[in-house]
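**Student:** Sequence plus predicted model, see below.
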Amino acid sequence: MADSNPAKPDLEPTIKRNPHPDFKTVEASRPPFNTSQKWHYTQTPSPSWTPGSGANTPAPPSASHREIDPYAPGRPVVHNYKLLISGIVPRPIGFVSTVSETGVKNLAPFSFFNTISHDPPLFVLGFSGGYNRPKDTLVNLLATKECTINIISEEYIEAANFTSINAPEGVSEWPLSGLTPVKGTCVGPERVKEAMFSVEAKLVESREWESKVTPGKKTGVLAIVEGVRFWVREDAVDEEGTVIDPAVLKPIGRMGGITFNRVTEGFELPRPSYEEVIKDPEVAKLVTPKADEKL
């Protein structure tokens, strides 16, 4: 008798994000995770940079660029996917909690995620597949109009990644992760207690996308959600509730393939004021038309 609740198709063999036939063997050959590496500030790459100086390290004369047409005949769309996730980096990860109409809890990470506005607080989530073959998170979000987004930290990256498993419909990823659900105030989906920063959110709108390669095929859905309540761990935020300390947040980002990254250092770089920098005669020359230039 066939399983009435089979696992979802495993797309990894098709996408081939993992380049290692035996990942655990490769991992064992690498140095351990450096827990002694703490967040710290450094100088900017070139503190002596001046207006008009261009790149700190110019590309070698032999360097050239390849032009790639995303719709070139014979180019598989998965090649565009792999190129984009390795080039648009690092990407923040939205660790999304939702609940189905029947009460099944879902937890899944999405790296097609970002914030796009602060008033109102708006966030975007990108889902592969259309309305006709949606991921569980999207099904739940469309049905209940609610979710909770958590930011992933070093302390629980393995648990968070494990929730990307192709579990059958109706099976919750929460027990598999071992993470702790905590009830919120404004929405039903629970937040991850281990997360330093979480956002309760409600669906604003969604839009479906159609393939440019295979007309008629629905390939993705964009969801915009509004944050209605923030949760920040006390030791991670200042008294005014305005700045989260990166040394406590320890955020994890997504790179290409199966690669993640951590943030251990940063530098501060103020935005320039035109009125101030133009006082320098050398800077003024950069924006003053030359006599032989046509106005």
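**Tutor:** Nice, I can see it. Numbers count the residues shown, from 1 in each chain.
**Student:** Show me where this protein has its helices.
**Tutor:** 12-15, 23-28, 77-87, 136-144, 157-162, 174-177, 246-249, 274-277, 281-287 (DSSP state H).
**Student:** Pull out the buried positions in the third one.
**Tutor:** This points to helix 77-87. N80, I85 (16 or more other Cβ atoms under 10 Å). Where C-beta positions appear, they are placed from N, C-alpha and C, glycine not excepted.
**Student:** neighbouring contacts of it?
**Tutor:** 14-15, 17, 68, 70, 91, 111, 211, 213, 219, 254-257 (Cβ atoms under 8 Å, 6 or more residues apart in numbering).
**Student:** so what's I68 up against?
**Tutor:** Counted by Cβ under 8 Å, 6+ apart, I68 has contacts L83.
**Student:** thought T185 was touching S198?
**Tutor:** No - using Cβ atoms under 8 Å, T185 makes no contact with S198, being 11.2 Å away.
**Student:** These two - which one has more neighbours?
**Tutor:** S198 (25 against 9; other Cβ atoms under 10 Å).
**Student:** which residue ranges form the strands in this protein?
**Tutor:** Under the criterion DSSP state E, the chain contains strands at 40-41, 91-92, 94-99, 105-110, 113-118, 121-128, 146-151, 181-182, 191-192, 197-210, 218-232, 252-254, 260-262, 265-266.
**Student:** Let's have those in TSV, adding mean pLDDT and distance to P76.
**Tutor:** Formatted as TSV, these follow (pLDDT from 0 to 100; distance: least, Cβ to Cβ, whole Å):
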stretch	mean pLDDT	distance to P76
strand 40-41	94	43
strand 91-92	97	22
strand 94-99	98	27
strand 105-110	97	23
strand 113-118	98	25
strand 121-128	97	15
strand 146-151	98	31
strand 181-182	98	39
strand 191-192	98	35
strand 197-210	98	18
strand 218-232	98	13
strand 252-254	97	22
strand 260-262	96	25
strand 265-266	94	37
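**Student:** Now do the same contact list for S172.
**Tutor:** Applying Cβ under 8 Å, 6+ apart to S172 gives the contacts V104, K105, N106, L107.
**Student:** rerun that using 10 Å as the cut-off
**Tutor:** V99, S100, G103, V104, K105, N106, L107, D136, T163, P181 (Cβ atoms under 10 Å, 6 or more residues apart in numbering).
**Student:** centroid residue for this protein?
**Tutor:** A centroid search over the chain (Cα atoms, centre = their mean) returns P92, at 2.7 Å, as the residue closest to the centre.
**Student:** separation between that residue and H40?
**Tutor:** 21 Å (Cβ to Cβ, to the nearest Å).
**Student:** before we move on, the earlier item: the helices of the chain into JSON lines, with extra columns for mean pLDDT?
**Tutor:** Output for the helices of the chain, formatted as JSON lines (pLDDT from 0 to 100):
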{"stretch": "helix 12-15", "mean pLDDT": "69"}
{"stretch": "helix 23-28", "mean pLDDT": "87"}
{"stretch": "helix 77-87", "mean pLDDT": "94"}
{"stretch": "helix 136-144", "mean pLDDT": "97"}
{"stretch": "helix 157-162", "mean pLDDT": "97"}
{"stretch": "helix 174-177", "mean pLDDT": "97"}
{"stretch": "helix 246-249", "mean pLDDT": "96"}
{"stretch": "helix 274-277", "mean pLDDT": "94"}
{"stretch": "helix 281-287", "mean pLDDT": "93"}
